[in-house]
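Student: Generate coordinates for the sequence data below:
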Amino acid sequence: MSKTILLSSLLAFSLLFSACSSEKKEQEDANALLAKNEIVLTATDMKQYVLKKDNEGYTLENSKAKILILDIFATWCPPCQAEATHLSSLQKKYKDQIKIIGVTVEENVPNTKLETFRKKFNAQYPLVNSSENSRLIDEIAQKLQLGRNFGIPLLVIYKDGKLVKYYQGAVEEEFIESDIKRALEI
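Tutor: Next up, the predicted model:
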């Protein structure tokens with residue numbers, strides 16, 4: 001009789017333990033999936049921007065803007081410097097309809113350097129300097145089949161999470177604005 005009680009107790013304990021273990025594993029899997037589908041970028045003002053990823057592109061969490069523009073740049077890049085003023089002009093003109101985020105390719109660049117870039121080249125949109133920058137940049141380059149050594153600036157335009165257009169290298173403000181207008185009409 002005591003063997004039966006002992007075996008029953010062991011069986012109940014092992015079932016309870018495996019259920020808890022399974023529940024913990026499911027939670028870990030859910031957290032890993034969430035981390036895989038979200039990228040949290042931190043701007044120089046410490047504000048965080050959460051990008052939600054799906055198969056086609058990215059959306060910005062808690063944003064009313066229909067269009068997300070990711071400007072992948074470097075502070076030392078002359079075309080990137082020239083483009084900052086144009087992007088600021090577009091952000092101002094289409095303020096509630098688009099959201100531009102500057103994503104630096106430079107690793108471990110001090111925020112003060114990005115703030116100097118912002119002031120010198122009138123970048124009136126968030127500049128993110130986050131450990132997640134490289135992950136985002138790698139994912140975008142892979143999705144666009146650009147390889148690891150692509151040209152900058154790389155401007156990627158999404159509407160409602162779908163890729164609209166991308167530009168590699170310097171591009172005139174009029175072309176970008178034309179694509180914004182076209183995307184807003186769709």
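Student: Using the three-state scheme, assign residue 76.
Tutor: The assignment at residue 76 comes out as coil when based on DSSP: H, G, I helix; E, B strand; the rest coil.
Student: And it, how far from residue 56?
Tutor: Distance, residue 76 to residue 56, by Cβ to Cβ, to the nearest Å: 32 Å. Yep, even glycine has a C-beta here, placed from its N, CA and C like the rest.
Student: do residue 173 as well
Tutor: Taking Cβ to Cβ as the criterion, residue 173 is separated from residue 56 by 26 Å.
Student: now swap in residue 158 and tell me
Tutor: Computed as Cβ to Cβ, the residue 158 to residue 56 distance reads 8 Å.
Student: out of these two, which sits in the more crowded spot?
Tutor: More neighbours surround residue 158 than the other of residue 158 and residue 56, with 23 against 12 (other Cβ atoms under 10 Å).
Student: what pairs with the most centrally placed residue in the chain across the strands?
Tutor: Nearest to the geometric centre of the chain sits residue 51, at 4.4 Å (Cα atoms, centre = their mean). Here residue 51 sits in beta bridges with residue 39, residue 60, going by DSSP bridges.
Student: List the contacts of it.
Tutor: Residues near residue 51 by Cβ atoms under 8 Å, 6 or more residues apart in numbering: 38-41, 58-61, 68, 136.
Student: Same check on residue 167?
Tutor: 153-155, 175-176.
Student: Now which of those residues would you call buried?
Tutor: 153-155, 176 (16 or more other Cβ atoms under 10 Å).
Student: And the nearest residue in space to residue 54 that is not next to it in sequence, how far from residue 59?
Tutor: Nearest residue to residue 54, sequence neighbours excluded (Cβ to Cβ, 6 or more residues apart in numbering): residue 161, at 5.6 Å. Noted for residue 161: a distance of 4 Å to residue 59, by Cβ to Cβ.
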